[in-house]
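[1] Please work out how this folds:
(4 chains)
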Number of protein chains: 2
Amino acid sequence: MSTIYDVAERAGVSAATVSRYMNGRSVREDAAGRIQAAVDELKYSPSRTARSLRTQSAQVIALVIPDIENPYFTAIARGAEDEAREAGYSLVLCNTDDDAGRESGYVDVVVSENMAGAIVAPATDGAAFSALAEQHRPLVAVDRRLGDDRTDSVTLDDTGFGERAVRELVQRGSRRIACITGPDRAETARSRAEGWRRALGDAADPALLRWADYRVAGGRAAMRDLLDGTAGEPIDGVVVANNLMAVGALAELRARGLTPGAVTVAMIGTLPYVEDPVEGVVSLPLPAREAGRTAARLLLSRIGGDRDAPEHVVLGMAGE
Amino acid sequence: MSTIYDVAERAGVSAATVSRYMNGRSVREDAAGRIQAAVDELKYSPSRTARSLRTQSAQVIALVIPDIENPYFTAIARGAEDEAREAGYSLVLCNTDDDAGRESGYVDVVVSENMAGAIVAPATDGAAFSALAEQHRPLVAVDRRLGDDRTDSVTLDDTGFGERAVRELVQRGSRRIACITGPDRAETARSRAEGWRRALGDAADPALLRWADYRVAGGRAAMRDLLDGTAGEPIDGVVVANNLMAVGALAELRARGLTPGAVTVAMIGTLPYVEDPVEGVVSLPLPAREAGRTAARLLLSRIGGDRDAPEHVVLGMAGE
DNA sequence: GTGAAAGCGCTAACAA
DNA sequence: TTGTTAGCGCTTTCAC
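    Below you'll find the model as predicted:
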């Protein structure tokens, strides 16, 4: 690998001038030409490592998410990577499995790699990330907000999605509508359930609400429980708060041989890789890739020095 | 942030001794105690950036894949991340969309970030990666081999999976068995089709082979074509070479209202998030996470200085 | 607009 | 085993 000194020597200027040229500051025209020629001949590519050591900031951002195998987070990753790459940044993948210990492990890495910032979907309270705030390292929360309101966030209109799901069911003739949501420690789960409650008003029967775990098996168990009549009068519609639980809930319905639509399912999110409409299922697609993109854009603007007040972006349904 | 000098001063030793201690080399016991105390008090965490500049190698590896939104690659990513993290390495996500330009862009980043190595699923010929080999930077191919046989690789027994798929169909009574495989520029697609051909022997009718694109829409179009009788006598079984095309193929079967099993589908891979068996569908799960783990392990051993002959690991069905 | 020189935080060679 | 010293490749004052 050639260094900045090799280029400088070849172009007959000092390393400082090459550095200025590479960073887009003005340089005499003839010198610029010679430098560019030297860069081409030597295939010079500046050492990002040396630059980070000097500037105390790498062109790298961390993406800290609970589970890369969940297509919702994958879509966020995709959006964030697109935006980062376009800005010349790399994205480091940090999978936490909702484990607080892993979260703080990654925080250490962010600091010691001099990463420019992080996009995080905090596991529960996200306490680990306060360390980043202390270091004045830009941080954007995605999907869930941090307790701290001074951290920028990009979330979805969870309550709105919950309400919308109920309206779709009502429109399709459902009368007794249940709700399967995520763990109550997750803000998104609480808000989606709140949307269900709000849209139904007095008709919202607390006996029809199930707190599950955002996973396939949990969704299935909750559906089983609802169908087993522990909820009084049989249900004919259910709001399911995420994609994985919907897969589980539908599996349970199928396993019981219920005709599609006997219990209509309104799910927040989409069935992975199912592109055609499925009978008896209403999907409310989430703008996950857009959320990833937005979070990255916001983070990059903070990295660029934007000192405006904290922003809390809330994304609603696509196309609205 | 505190530096190695802060720790050294506090512990009453030189920076070199702290460095040695941090890297697990032997240090006098009393000094070790004082250093550890200083580390704790100052919350010292060594600068990975400075270390990489000095050693010319960062504890970072790149994962270059075509599409993070494909659950097959996601599972590879998951396996690789697990292994990397356990070894103290971070994983940078590089999404290429099968674009050679992006591939070489990432190669530049790998070099200029001083990354320790890369795991790549090359788009087509993977020519971009020869630059890494020249730099003596460890490289492991996953899913598909590089043209160059001197690059370590972790692939699947694609031919075996193709043969196995046919055997499963025959066992279930299929007689006229078609095959929908990926693009012919992909080695995996060719090998899986070869497995189909080999298992059927003389019964393999070339008119029943479709080269598609490994995507949902392509799988659906191929299935439509096969059903529309362009293939002579009607088929009653089909080998589908990956998960996404199987989703498309099944959608087409459903759309036509064919009873499940009229055409039995043997797919290589699994339907995303479908855990129960689906009537008329046989799945051959791929050890994708295992492939990611193995690739990372192999890469890390090369990074660690292993100079043995190139390894070409081929993974078969899980549990065999 | 340009060059000399210092320094980011670490590790490795060397001498003690 | 330990400390001294030099240097990884870059950016950034500060003089000119």
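
[2] what's the weakest-modelled helix or strand in chain A?
    One helix or strand of chain A scores below all others by mean pLDDT, DSSP states H and E: helix A:130-134, with a mean of 84.

[3] Name the strands paired with the helix or strand following that one and say parallel or antiparallel.
    Stepping forward along the backbone from helix A:130-134, the first helix or strand reached (DSSP states H and E) is strand A:139-142. For strand A:139-142, the pairing partners within the sheet under DSSP bridges are strand A:115-120 (parallel), strand A:152-156 (parallel).

[4] Sort out which residues of strand A:139-142 are buried, please.
    Of the residues in strand A:139-142, those scored as buried under the neighbour-count criterion (16 or more other CB atoms under 10 Å in any protein chain shown) are A:L139, A:V140, A:A141, A:V142. Just so you know, the C-beta spots here come from the backbone N, C-alpha and C atoms, and that holds for glycine as well.

[5] repeat for stretch A:35-42
    Buried residues in stretch A:35-42, defined by neighbour count with 16+ other CB under 10 Å: A:I35, A:A38, A:V39.

[6] could you dump it to CSV, C-alpha only?
    Backbone C-alpha positions of stretch A:35-42 (Å, rounded to 0.1, in the frame of the first residue of the first chain) are rendered in CSV as follows:
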residue,chain,number,x,y,z
ILE,A,35,-1.3,14.9,-7.2
GLN,A,36,-4.2,13.3,-9.0
ALA,A,37,-1.8,11.7,-11.5
ALA,A,38,0.2,10.3,-8.6
VAL,A,39,-2.9,9.0,-6.9
ASP,A,40,-3.9,7.2,-10.0
GLU,A,41,-0.5,5.7,-10.7
LEU,A,42,0.0,4.5,-7.2
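
[7] For that stretch, what does the pLDDT average out to?
    Predicted confidence along stretch A:35-42 averages 96 (mean pLDDT).

[8] And stretch A:46-61, by the same measure?
    Per-residue pLDDT values over stretch A:46-61 give a mean of 95.

[9] chain center to that stretch, what's the gap?
    Computed by CA atoms, centre = their mean, to the nearest Å, the chain-centroid distance of stretch A:46-61 equals 26 Å.

[10] do the same with stretch A:229-241
    Here the centre of mass of C-alpha atoms in stretch A:229-241, compared against the chain's by CA atoms, centre = their mean, lies 30 Å away.

[11] Which single residue of the stretch 1-150 of chain A ends up nearest DNA strand C?
    Checking the stretch 1-150 of chain A residue by residue against DNA strand C with CB to the nearest atom of the strand singles out A:R28 as nearest, at 3.0 Å.

[12] Check whether the helix or strand containing A:A16 comes close enough to DNA strand D to count as a contact.
    Counting by DSSP H and E, the element that carries A:A16 is helix A:15-22. Yes: using CB under 7 Å from any atom of the strand, we find that helix A:15-22 touches DNA strand D at A:A15, A:A16, A:S19, A:R20, A:M22.

[13] From A:A123, how far off is the closest residue to A:T124 other than its chain neighbours?
    Distances taken as CB to CB, 6 or more residues apart in numbering or on different chains place A:R185 nearest to A:T124, at 5.3 Å, with adjacent residues excluded. When distance is defined by CB to CB, to the nearest Å, A:R185 is 9 Å away from A:A123.

[14] do A:D40 as well
    Here the criterion is CB to CB. By it, A:D40 lies 48 Å from A:A123.

[15] likewise A:G101?
    To A:A123, A:G101 is 10 Å away according to CB to CB.

[16] In terms of neighbours, single out the busier of the two.
    A:A123 (22 against 11; other CB atoms under 10 Å in any protein chain shown).

[17] tell me the SS of that one?
    With DSSP: H, G, I helix; E, B strand; the rest coil as the basis, the three-state label of A:A123 is coil.

[18] Isn't it up against A:C94?
    No: here A:A123 lies out of contact with A:C94, judged by CB atoms under 8 Å, at a distance of 11.5 Å.

[19] what does the stretch 51-200 of chain A have sitting close to DNA strand C?
    So far as CB under 7 Å from any atom of the strand goes, the stretch 51-200 of chain A lies against DNA strand C at A:L53, A:R54, A:Q56.

[20] could you redo the last one with a cut-off of 10 Å?
    Along the stretch 51-200 of chain A, the residues adjacent to DNA strand C under the rule CB under 10 Å from any atom of the strand are A:R51, A:S52, A:L53, A:R54, A:T55, A:Q56, A:S112, A:N114.

[21] Just the buried subset of these, please.
    Those of those that meet the buried threshold are A:R51, A:S52, A:L53, A:S112, A:N114, by 16+ other CB under 10 Å.

[22] Quick check: the residue nearest to A:I303 when sequence neighbours are not counted vs A:E41, distance?
    Nearest residue to A:I303 in three dimensions, chain neighbours excluded: A:A116, at 4.8 Å (CB to CB, 6+ apart). Distance of A:A116 to A:E41, computed by CB to CB: 31 Å.

[23] A:G218 now?
    Counting by CB to CB, the separation of A:G218 from A:E41 is 61 Å.

[24] Ok, A:H312 next?
    Relative to A:E41, A:H312 is positioned 50 Å away (criterion: CB to CB).

[25] tell me which element the residue of the stretch 201-320 of chain A at minimum distance from DNA strand D falls in.
    The nearest approach of the stretch 201-320 of chain A to DNA strand D comes at A:G305, 12.5 Å away (CB to the nearest atom of the strand). With elements taken from DSSP H and E, nothing contains A:G305; it lies in neither a helix nor a strand.

[26] A:M115: how many residues sit nearby?
    As a burial measure, the neighbour count of A:M115 was computed by other CB under 10 Å and equals 27.

[27] Return the set of residues that bridge with it.
    According to DSSP bridges, A:A58 are recorded as the beta-bridge partners of A:M115.

[28] what sits against it?
    Contacts for A:M115 (CB atoms under 8 Å, 6 or more residues apart in numbering or on different chains) come out as A:S57, A:A58, A:V60, A:I61, A:A62, A:V92, A:V109, A:R137.

[29] I'd like to know which of those residues are buried.
    For the contacts of A:M115, burial is judged from neighbour counts taken by 16+ other CB under 10 Å, and it is met by A:S57, A:A58, A:V60, A:I61, A:A62, A:V92, A:V109, A:R137.

[30] Of the residues you listed, which is the nearest to A:M267?
    Using CB to CB, the shortest approach to A:M267 within these belongs to A:A62, at 30.3 Å.

[31] and that closest one, that's in a helix?
    No: going by three-state DSSP, the assignment for A:A62 is strand, not a helix.

[32] For the residue lying closest to it once chain neighbours are set aside, grab the count of nearby residues.
    Distances taken as CB to CB, 6+ apart put A:A118 closest to A:A62, at 4.1 Å, once the chain neighbours are dropped. Other residues near A:A118 come to 24 when the count uses other CB under 10 Å.

[33] pLDDT value on A:A118, please?
    The predicted structure scores A:A118 at 96 on the pLDDT scale.

[34] what's near enough to touch it?
    Contacts were defined as CB under 8 Å, 6+ apart; by that measure A:A118 touches A:61-64, A:107, A:110, A:129, A:132, A:137-140, A:299.
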